[in-house]
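Student: missing the sequence, but the structure's below:
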Ligand code: NAP
């Protein structure tokens, strides 16, 4: 399948060096690493491979710029964010194509992600001008309390490959709004979107040193010394629970503020009274957004025994009708998985579930071709001992499990160390609220399969994370509260 004529021009147009103190620089030892197109398995280009010294130079630049950046006015920072918002929309076509090339998602979904990413800038432009404070009379009357909000200081921002632009703007937006400088390290699989964003931020008027970007293969080797340096005041991480736990340990040494957006194992519950068409639509959204490579992806789909056969039939029909192929091709709805390891993991999880008695309603195999494609799959009768009931599938596989009553399904849904999001489909309002309250998750979608929204507080409980991104509280993660006591 053709990738279209302008692909090489789009890739050629992106800077591939490190962005430090407002300048593009090579890695000090000149090293680079390849970015691979998951639709073909072939390298797209090479980008700079930062050394620990390069990481330190970026953090030094952020630390040096902190004072002057914090002194910019909220209105100035809001203007920067709105200018970047406008540029993201102006360049949406080329940015979407770039994202598809490095990450695999269909271009239509990549466009959706650029628009979603831009919304974080618009949202936090507003929040920048609403940073609040307080004035209070001491209970004894002998003093006044002034409550001020100040930027926490230089931040380390680490993002995953599955949403290469939005996971970055979700952190950079509030950091800029609060007046924090930062060093961002995107995932090694998808550095190009973040490098393109650095150019946009510069055009938008973000001053040198305020946002820096290092791309690296040895993430731990570059980041750990920065965490331990004492120069950073905060780490905001989105990625796996395994890496998040390691970083929390490292952050303890200097008592860094942390925000952790970690893994998920979302239950999706369909009660017998749900509108089945709506529930199937919701499943398609919660399962197939990003080919299932999302922390919010429906990972365990519990369907009431009275409707599971009909639900399974309708869902399998929808999944079987999806067009799989390179994300740049017209009409493709399901792109490749990110790499070979991801494909093998999905294959192993499906074969484990089938070995334990699950039945394949559609799909169930790799889709073939030169990239990392897996067929949209529906399994039914997936037992709780199957590996996929406790591990993130991160692929286009919908596992259905029957249930009989409400208490049983709540217990099953909560039987996981994760607690990011849950989905509930029912037309009974009382039940919807009862179940939503009983689920141990940071977010619940009621009769909807997508909860992500820049204006809402996104985040998890249990081992899915700490803190919230987006919403009115998203900026709090980047602000300290200072109390000034005034004698009267
Ligand atoms: P990952 O392996 O944890 O990597 C995430 C980021 O951490 C990457 O930039 C990675 O760099 C970096 N990293 C890896 N080891 C590191 C270390 N020792 N020190 C510092 N940084 C390190 O996760 P992933 O496989 O890319 O992403 C998928 C995971 O992210 C899933 O678990 C998913 O649920 C989660 N996620 C959560 C949310 C949320 O909001 N809760 C959103 C999206 C994704 P390299 O690429 O160079 O290894």
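Tutor: Received the coordinates, thanks. No experiment lies behind these values; they were computed from the predicted model shown.
Student: going forward, measure contacts between C-alpha atoms and count neighbours the same way
Tutor: Will do.
Student: who does the helix or strand bottoming out on mean pLDDT in the chain touch, helix- and strand-wise?
Tutor: Across the helices and strands of the chain, mean pLDDT, DSSP states H and E gives its lowest value to helix 7-12, namely a mean of 90. Helix 7-12 is packed against helix 92-103, with contacts defined by 3 or more C-alpha pairs under 8 Å, 6 or more residues apart in numbering; DSSP states H and E.
Student: ok, how many other residues are close to residue 405?
Tutor: Close neighbours of residue 405, defined as other C-alpha atoms under 10 Å, add up to 12.
Student: so what pLDDT did it get?
Tutor: The score at residue 405 is 97. That number is its pLDDT.
Student: residues touching the nearest residue to it once chain neighbours are set aside, list them.
Tutor: Of all residues not flanking residue 405 in the chain, residue 304 sits nearest, at 7.8 Å (C-alpha to C-alpha, 6 or more residues apart in numbering). Contact analysis of residue 304 by C-alpha atoms under 8 Å, 6 or more residues apart in numbering lists 270-272, 402-405.
Student: now those as CSV including distance to residue 45 and secondary structure?
Tutor: Below are these laid out as CSV (distance: C-alpha to C-alpha, whole Å; DSSP: H, G, I helix; E, B strand; the rest coil):
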residue, distance to residue 45, secondary structure
270, 45, strand
271, 48, coil
272, 51, coil
402, 47, strand
403, 49, strand
404, 53, coil
405, 53, coil
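Student: kindly indicate which of those residues lies nearest the ligand.
Tutor: residue 270 (22.6 Å; C-alpha to the nearest ligand atom).
Student: before we move on, back to that, any idea how far the residue nearest to residue 405 lies from residue 286?
Tutor: For residue 304, the distance to residue 286 equals 18 Å [C-alpha to C-alpha, to the nearest Å].
Student: what do you get for residue 189?
Tutor: Applying C-alpha to C-alpha to residue 189 and residue 286 gives a distance of 24 Å.
Student: over to residue 69?
Tutor: Separation of residue 69 from residue 286 (C-alpha to C-alpha): 39 Å.
Student: between these two, who's got more neighbours?
Tutor: Between residue 69 and residue 286, counting by other C-alpha under 10 Å, residue 286 is the more crowded of the two (27 against 23).
Student: list the contacts for that one?
Tutor: 292, 296-298, 449-450.
Student: could you do residue 168 as well?
Tutor: 117, 157, 159, 184, 186, 194.
Student: ditto for residue 454
Tutor: 116, 119-120, 123, 170, 469-471.
Student: over to it. Which of the three states is it?
Tutor: coil (DSSP: H, G, I helix; E, B strand; the rest coil).
Student: of the contacts of residue 168, which belong to helices?
Tutor: For the contacts of residue 168, membership in helices holds for 117, 194, with DSSP state H as the criterion.
Student: intersect the contacts of residue 168 with the contacts of the ligand.
Tutor: 159, 186 (C-alpha under 6 Å from any ligand atom).
Student: give the contact list for residue 211.
Tutor: Taking C-alpha under 8 Å, 6+ apart as the definition, contacts of residue 211 comprise 21-22, 62, 172, 181-184, 198.
Student: tell me the one of those residues nearest the ligand?
Tutor: If you rank the contacts of residue 211 by distance to the ligand using C-alpha to the nearest ligand atom, residue 184 comes first, at 9.1 Å.
Student: and the helices in the stretch 351-488 of the chain?
Tutor: Ranges of helices within the stretch 351-488 of the chain are 406-414, 429-438, based on DSSP state H, counting those that start in this stretch.
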